[in-house]
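Q: I'd like to go over a predicted model; first the sequence, then the structure.
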Amino acid sequence: MFEMVQRLFFKRREEIQGFSIICIYNNRQKLDNYLIKSLTKQTAPFELITIDNTAKNFQSAAPLLNEAAKNARYDYLMFVHQDVAFGSNDWLRFAQRDIRHLRRFGAAGVAGKRPKGLFASVFHGKPPHFVAEKRIKKPVPVQTLDGCLLIVPKEIFLKNGFDEKTCTGWHLYVADYCLDLSRRDLNVYVLPHDIYHESTGPADPMAYEQTKQNIIDKHKYHKQIIYSTVGDWKTSY
């Protein structure tokens, strides 16, 4: 099921400070042109674990990503979309530096929402445009993150991964995971390091409507409003 490509920049076999980058792809050309092309320039150690869904044999992201995480060798997991490119050759190194200093670190990403609005480090679309009103200069705590990129400690994720019953499709599993982390008193952050994401999101919001309702039902006794990058959802709490 899994295709693994390793590019390691430290010779010590016991080295675990790095990223296990996990990606489901349905377009090999986009994977090569965006994610893999930008990864080959990175200055920090990583491995890339890819899951081929070009034949559309799989119907849901959560179980695939949970299984792939079990094969990871590094201490940080990154779940990322195929059409993401990092904004600098030192992106992984800077991200690793930042998350080491974050209080009660549960997860980090590049776009997220909280009551005060959207915070992001993302350019997307063609031609590229910035998705938020202003740039951030340091990590910002948020309630949930966008699914295009998520970094989590492997130790935490392997104990409680993505909820396969709540998130049965291809969307919102990251937002749900962030809400799970908040119930464990762990924090979620947007990092101040730019990426480019070709996609501007699903064309049909109905594609995630059932998962959205599942998330509301799951967290309605803990959150009055769920803030996500695809909308703010009032619960019945």
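A: Right, received. Where do you want to start? None of the values given here were measured: they were computed from a predicted structure.
Q: Residue ranges in this protein under the pLDDT threshold?
A: Along the chain, segments meeting pLDDT under 70 span 1-2, 4-16, 203, 205, 237.
Q: Pick out the residue closest to the middle of it.
A: L150 (2.1 Å; Cα atoms, centre = their mean).
Q: How about the secondary structure of that residue?
A: Secondary structure assignment for L150 (DSSP: H, G, I helix; E, B strand; the rest coil): strand.
Q: so how far is K126 from it?
A: 24 Å (Cβ to Cβ, to the nearest Å). (C-beta placed from N, C-alpha, C; glycine too.)
Q: Endpoints of stretch 165-175, how far apart?
A: Using Cα to Cα, to the nearest Å, the end-to-end distance of stretch 165-175 comes to 14 Å.
Q: Show me what counts as buried in it.
A: Neighbour counts using 16 or more other Cβ atoms under 10 Å place 166-175 of stretch 165-175 among the buried residues.
Q: In the chain, mark out all the helices, start to finish.
A: Using DSSP state H, the helices of the chain run over 28-30, 37-39, 61-69, 91-99, 154-159, 173-182, 209-219.
Q: Neighbours of P153, how many?
A: Neighbour count of P153, defined by other Cβ atoms under 10 Å: 17.
Q: and it, what are its bridge partners?
A: Y76 (DSSP bridges).
Q: so who does it touch?
A: The neighbours of P153, taking Cβ atoms under 8 Å, 6 or more residues apart in numbering as the test, are 75-77, 105-106.
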